[in-house]
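> Sequence below, structure please.
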Amino acid sequence: MLNATRVVFLRNALLACTVIFAGPAAAELKPGQAAPGFTLEATLAGEAFPFSLDDALKKGPVVLYFYPAAFTKGCTIEAHNFAEAMSDYKQAGATVLGISADDLEKLKEFSVSACRGKFAVASDVDAKVIKAYGAQSAFMPDKASRISYVITPDHKVYYSYQSGSPDEHVPRTLAAVRQWAAAKQ
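Predicted coordinates for the structure are as follows:
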């Protein structure tokens, strides 16, 4: 049986680990900051192509969402949520791109099944873009944490949202895209 001192010590140690490993390793980008440009190999409906942030921003705002790993429960839920909302994003003139450190072959399948062929996902196996956006996981530095950004055509971060839960990323980024579009009219 554990004595009270040991229970308190173990509880505090667990709490410390939770604080250390819960968040991203780097600070997320804040609204108003410049969004780093990049080109990554991406896939849409299983077809590979180079995705350039610069080219996408010529068409309108871009929603970048970083996620830890394809085919995990939360990431699949989040991909389904984005797929269901794609007509709303398109109506608002936005492009959506999911980014993870998964390899392109895995993402080809993920883009068909979880993303339902409605938006692209990109492979950042060396985590350079993940690091540039402060989306690196503290617990697994070679993986992304769950964070979403709205990037405007002037290459600025308009909105950022970080949460381990996949539930609010779509409604929050869609609201931000609509707010930005309304301000432009």
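
> Determine how far stretch 153-166 lies from the middle of the whole chain.
Distance, stretch centre to chain centre, for stretch 153-166: 8 Å (C-alpha atoms, centre = their mean, to the nearest Å).

> What are the contacting residues of it?
22-24, 28-35, 37, 54, 57-58, 60-61, 67, 74-75, 77-78, 81, 145-152, 168-169, 172-173, 176, 180 (C-beta atoms under 8 Å, 6 or more residues apart in numbering). The way it works is simple: take the backbone N, C-alpha and C, and place the C-beta from them, glycine included.

> So which of these sit within strands?
Using DSSP state E, Ile147, Ser148, Tyr149, Val150, Ile151, Thr152 are the members of the contacts of stretch 153-166 that sit in strands.

> can I get those in TSV with pLDDT, distance to Lys108 and neighbour count?
Shown next, in TSV, are these (pLDDT from 0 to 100; distance: C-beta to C-beta, whole Å; neighbours: other C-beta atoms under 10 Å):
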residue	pLDDT	distance to Lys108	neighbour count
Ile147	97	24	25
Ser148	97	23	27
Tyr149	98	24	26
Val150	98	26	26
Ile151	98	25	27
Thr152	98	30	20
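
> Can I get those residues in a markdown table including distance to Asp88?
Shown next, in a markdown table, are these (distance: C-beta to C-beta, whole Å):
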| residue | distance to Asp88 |
| --- | --- |
| Ile147 | 21 |
| Ser148 | 15 |
| Tyr149 | 18 |
| Val150 | 14 |
| Ile151 | 18 |
| Thr152 | 18 |
